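Visitor: sharing a model that was predicted from the sequence below.
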Protein chains: 2
Amino acid sequence: MIGRDQRRPFATRRGFLAAAAGVGTATLVGAPSSARAEDEPSAPSLEPFFGAHQAGIVTPAQRHAYFAAFDITTDKRAAVAGLLKGWTDAAAKLTVGDPVAGPADDDYAADPDPAEMQGLGPARLTLTFGFGAGLFVREGHDRFSLAKQRPEAFADLPRFPGDQLAPARTGGDVFVQACADNPQVAFHAARTLTRLGWGVATLRWVQVGFVSDYGRGETPRNLMGFKDGTGNPSITDPKEMDAVVWAGDEAPEWMLGGSYVVIRRGRMAFEHWERTKIAFQEQTFGRRKLSGAPLGREGEFDPIDLAAADADGNPIIPENSHVGIAHRAALAGARILRRSYSYDDGAAMTAERWPPWRQGMEFDAGLVFVCFQRDPRKGFIPIFEKMSRFDMMNQFVTNTGGGHFACPGGVGPGDWIGRALFDA
Amino acid sequence: MIGRDQRRPFATRRGFLAAAAGVGTATLVGAPSSARAEDEPSAPSLEPFFGAHQAGIVTPAQRHAYFAAFDITTDKRAAVAGLLKGWTDAAAKLTVGDPVAGPADDDYAADPDPAEMQGLGPARLTLTFGFGAGLFVREGHDRFSLAKQRPEAFADLPRFPGDQLAPARTGGDVFVQACADNPQVAFHAARTLTRLGWGVATLRWVQVGFVSDYGRGETPRNLMGFKDGTGNPSITDPKEMDAVVWAGDEAPEWMLGGSYVVIRRGRMAFEHWERTKIAFQEQTFGRRKLSGAPLGREGEFDPIDLAAADADGNPIIPENSHVGIAHRAALAGARILRRSYSYDDGAAMTAERWPPWRQGMEFDAGLVFVCFQRDPRKGFIPIFEKMSRFDMMNQFVTNTGGGHFACPGGVGPGDWIGRALFDA
């Protein structure tokens, strides 16, 4: 449907990366068509699936996301490789809006379905695949003979103070992030990949997310009403992305050009938050709510001055504010690319951890914090070790699930996600 | 913010209805700005809150919905009236994008929050309020002295075969439907109304919904991939709406110009559905999947001929197909206005009711079936009595929650939703 001749064959991963480096990031990760894409059936827009890096990482954030983590239920290495081949093939089709047939060996006949997405177009769908710790070793067992390929940077996350990670919402052996400007397109992709996994991989947890479009160049607001993502490194600066996001020569061959994602499902305590004066919310965040400016400044992108003090000598940006901690960590070299989504899972019986200690039906909504980085030991882990202890925001946010995954580099046509790992 | 001078004062409900009847439906329910509205910050679009009828019923469906049902926790009639006054006032503000202050008597100070929706605009937000059976009588107790005001048409729903309604997801004393072209706007409205209800009303269940925009005039597809809503009566035909949707002189004064809504949360068994040949899916639905045409016809809007038979004399549209049953009911006078949304609540441990009887993590997604009608005894109830017994679709859909509510007529400025009931 969409000009496949755009896709150039290439030989080796390192060779491809070198060749691709010459043509600029925009081509590498798919020209980020428009930062403000609408789900216009008449103007289908797409993000190329093939490339040196996987799409969905430095791609301008689409409006909707579907995260799915799977447990591998087979002990056959070839079956896992087969799954990844099938997923790669399907992803290439889904991201251009083509139908995908069911597994041929299924008891039931599944036709490729031309109707499902009829009229919606690809809606900038990206599919990003990652591998969890359990793919390398599970319960001490090197089940797929991949243990020696586990990257050093892919360290286990420590248990952070305040974590309330439910096992059913946490972890997973393989992971898919589906992002699109239409929720039905993202879900359709997740459904299709899940269907292809029957007998090999079973859903462990999924999470639906969204982010509102505030207009070109505008930082979106999270459900607390604050702009979220202001201090992000620039996705249009390839050098910055090489430094912050992409695994380099320190990584095993199969991770070259890949990235490590950490996901945290943070429930926000709205009953508490919404009874809190905005001035205190701003102290908590370290920024003004309306403008997004650092406290004491006027503009959203004004520099953060942690040393600025008021007449009494107190820091204007509180040391334990969210921004205070994050910026101090960044100055110390801990940097990540955030790509978070809001989530809205309705309401559930909840016992609050903080005053006013409510128990009852409360909204189960908040932030799916998503960050990509070259090395979590130098990114999320040191940042969150501080935040989990000191961040004033902790009284409003509880992390209830998530995971972290090694997302390998991208592939070209004929190749498949993870081949370099399984061939290593 | 938005020209309030558009809102005309009027005296009595019946007087207003008569006056408004002269100016056409579009004005009555708020000029349906554009059937295809985008959540463009630069082009805020709104649906008037005030009118003879509540908005959100014959309003062209927005892309996102948030349904919230509440239990009333007070035994004070005046407190309920106060809640409805506060909700009405808040709804008038929310639907034009204005901030809403917290309850003045709260222990915590809640400021009106200018930031929350900054940059999103009203996004065609509508808020539609309804009253559940429990507002009139709960456990035999006429707790607010409203029992005699319960409309005859607001009959209890029977238990239908196959119902698996979880009490925690079903019913409620009062109900709000928030619809908008932006999910954050709809959720913000629900949060705000919930906050105003603290101490008087507590969340019982909520449900998030969405429907994709397939372009102007195109019938949207549900998550089964079929066009859903083809046979709906026309929302632009006031006579049709009077006949099908709006309560008339048979209703108590306070319900005049109102409507009864029935909501069913129907989980779709995708693992089953997606292993089913499309030809069988079409037999189940009674329509072609791609075109939406009735079986045996070419176009989506071609007339349905239940008598058409194949060479063997078998009906081309199976008698127990979804459309077969619905159309037969419509011919017998049972008509409703459907205004359904898809839902996507992630995944959950599930035991299927039908072959292949799977148990495991499966998608918890499907349809929030929403229908409005003048009299459920002549609308949803007879239709679903047939469907719940015979519809081939039942093997793919399980109703797990919902409710039915009496949505009173609309109000003008200075009036409040339900005043006519509490004054009666």
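Guide: Here it is on my side, so go on. Numbering: from 1, shown residues only, chains lettered A, B, ... in the order given.
Visitor: select the longest helix from chain A.
Guide: When secondary structure is assigned using DSSP state H, the longest helix within chain A turns out to be helix A:77-94.
Visitor: lowest-pLDDT helix or strand in chain A?
Guide: helix A:25-28 (a mean of 31; mean pLDDT, DSSP states H and E).
Visitor: other SSEs contacting the helix or strand just after that helix?
Guide: Next along the chain after helix A:25-28, taking DSSP states H and E as the criterion, comes strand A:64-72. Strand A:64-72 makes packing contacts with helix A:133-136, strand A:174-180, helix A:183-196, strand A:201-210, strand A:359-373 when contacts are defined by 3 or more C-beta pairs under 8 Å, 6 or more residues apart in numbering or on different chains; DSSP states H and E. In short, each C-beta sits where N, CA and C put it, glycine included.
Visitor: tell me the angle of the longest helix of chain A relative to strand A:64-72?
Guide: Direction vectors for helix A:77-94 and strand A:64-72, defined by axes from the mean of the first three to the mean of the last three C-alpha atoms, to 10 degrees, enclose an angle of 160 degrees.
Visitor: quick check: angle from helix A:77-94 to strand A:201-210?
Guide: Helix A:77-94 and strand A:201-210 are oriented at 30 degrees to each other (the same axes, to 10 degrees).
Visitor: quick check: buried residues in helix A:77-94?
Guide: Buried positions in helix A:77-94, judged by neighbour count with 16 or more other C-beta atoms under 10 Å in any protein chain shown: A:79-88, A:90-94.
Visitor: show me what the residue nearest the centre of chain A is bridged to.
Guide: Centroid-nearest residue in chain A, with C-alpha atoms, centre = their mean: residue A:370, separated by 4.1 Å. Each beta-bridge partner of residue A:370 is listed here, defined by DSSP bridges: residue A:263.
Visitor: pick the most deeply packed of the helices and strands packed on strand A:64-72.
Guide: Most buried of the helices and strands packed on strand A:64-72, by mean neighbour count (mean count of other C-beta atoms under 10 Å in any protein chain shown): strand A:174-180, with a mean of 28.
Visitor: that one: how far from the chain's middle?
Guide: 8 Å (C-alpha atoms, centre = their mean, to the nearest Å).
Visitor: got it, and stretch A:389-401?
Guide: Centre to centre, stretch against its chain (C-alpha atoms, centre = their mean), the figure for stretch A:389-401 is 19 Å.
Visitor: equivalent analysis for stretch A:134-147, please.
Guide: On C-alpha atoms, centre = their mean, the centre of stretch A:134-147 falls 24 Å from the chain's centre.
Visitor: can you check stretch A:250-267 too?
Guide: Here stretch A:250-267 is found 9 Å from its chain centre; the criterion is C-alpha atoms, centre = their mean.
Visitor: for that stretch, give the mean pLDDT please.
Guide: Averaged over stretch A:250-267, pLDDT sits at 97.
Visitor: what's the answer for stretch A:342-357, then?
Guide: The average pLDDT for stretch A:342-357 rounds to 86.
Visitor: same deal with stretch A:95-113?
Guide: Regarding stretch A:95-113, the rounded mean pLDDT is 72.
Visitor: what does the stretch 201-350 of chain A put close to chain B?
Guide: Residues of the stretch 201-350 of chain A found near chain B, taking C-beta under 8 Å from any C-beta of the partner chain as the criterion, are A:202-208, A:210, A:212-215, A:218, A:221, A:223, A:225-226, A:270-271, A:274-278, A:289-290, A:342, A:344-347.
Visitor: how does it look with 7 Å?
Guide: Proximity of the stretch 201-350 of chain A to chain B (C-beta under 7 Å from any C-beta of the partner chain) is limited to residues A:202-208, A:210, A:212-215, A:218, A:225, A:270, A:274-275, A:277-278, A:289-290, A:342, A:344-347.
Visitor: thinking again about what came up before, turn the helices and strands packed on strand A:64-72 into JSON lines, including distance to residue B:261.
Guide: Formatted as JSON lines, the entries for the helices and strands packed on strand A:64-72 read as follows, by distance: least, C-beta to C-beta, whole Å:
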{"stretch": "helix A:133-136", "distance to residue B:261": "46"}
{"stretch": "strand A:174-180", "distance to residue B:261": "31"}
{"stretch": "helix A:183-196", "distance to residue B:261": "23"}
{"stretch": "strand A:201-210", "distance to residue B:261": "25"}
{"stretch": "strand A:359-373", "distance to residue B:261": "21"}
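Visitor: out of these, which gets nearest to residue A:102?
Guide: The stretch from the helices and strands packed on strand A:64-72 with the least distance to residue A:102 (C-beta to C-beta) is helix A:183-196; that distance is 6.1 Å.
Visitor: what's in contact with the closest one?
Guide: Surrounding helix A:183-196, the residues in contact under the criterion C-beta atoms under 7 Å, 6 or more residues apart in numbering or on different chains are A:64-66, A:68, A:86-87, A:90, A:94, A:100, A:102-103, A:116-117, A:120, A:123, A:125, A:127, A:176, A:178-180, A:203, A:206, B:210, B:212, B:270, B:274, B:342, B:344, B:363, B:365.
Visitor: just the C-alpha atoms of it, please, in PDB.
Guide: Extracted C-alpha coordinates of helix A:183-196, given in PDB (Å, rounded to 0.1, in the frame of the first residue of the first chain):
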ATOM      1  CA  PRO A 183      -6.700   4.300  20.000                       C
ATOM      2  CA  GLN A 184      -8.300   1.600  17.900                       C
ATOM      3  CA  VAL A 185      -5.300   1.300  15.600                       C
ATOM      4  CA  ALA A 186      -3.000   0.900  18.600                       C
ATOM      5  CA  PHE A 187      -5.300  -1.700  20.200                       C
ATOM      6  CA  HIS A 188      -5.700  -3.500  16.900                       C
ATOM      7  CA  ALA A 189      -1.900  -3.900  16.600                       C
ATOM      8  CA  ALA A 190      -1.700  -5.300  20.100                       C
ATOM      9  CA  ARG A 191      -4.600  -7.700  19.500                       C
ATOM     10  CA  THR A 192      -3.000  -8.900  16.300                       C
ATOM     11  CA  LEU A 193       0.400  -9.500  17.900                       C
ATOM     12  CA  THR A 194      -1.300 -11.300  20.800                       C
ATOM     13  CA  ARG A 195      -3.100 -13.500  18.400                       C
ATOM     14  CA  LEU A 196       0.100 -14.400  16.600                       C
END
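Visitor: quick check: mean pLDDT of it?
Guide: pLDDT averaged over helix A:183-196 equals 94, rounded to a whole number.
Visitor: which other helices and strands contact the longest helix of chain A?
Guide: In this structure, helix A:77-94 makes packing contacts with strand A:126-131, helix A:183-196, judged by 3 or more C-beta pairs under 7 Å, 6 or more residues apart in numbering or on different chains; DSSP states H and E.
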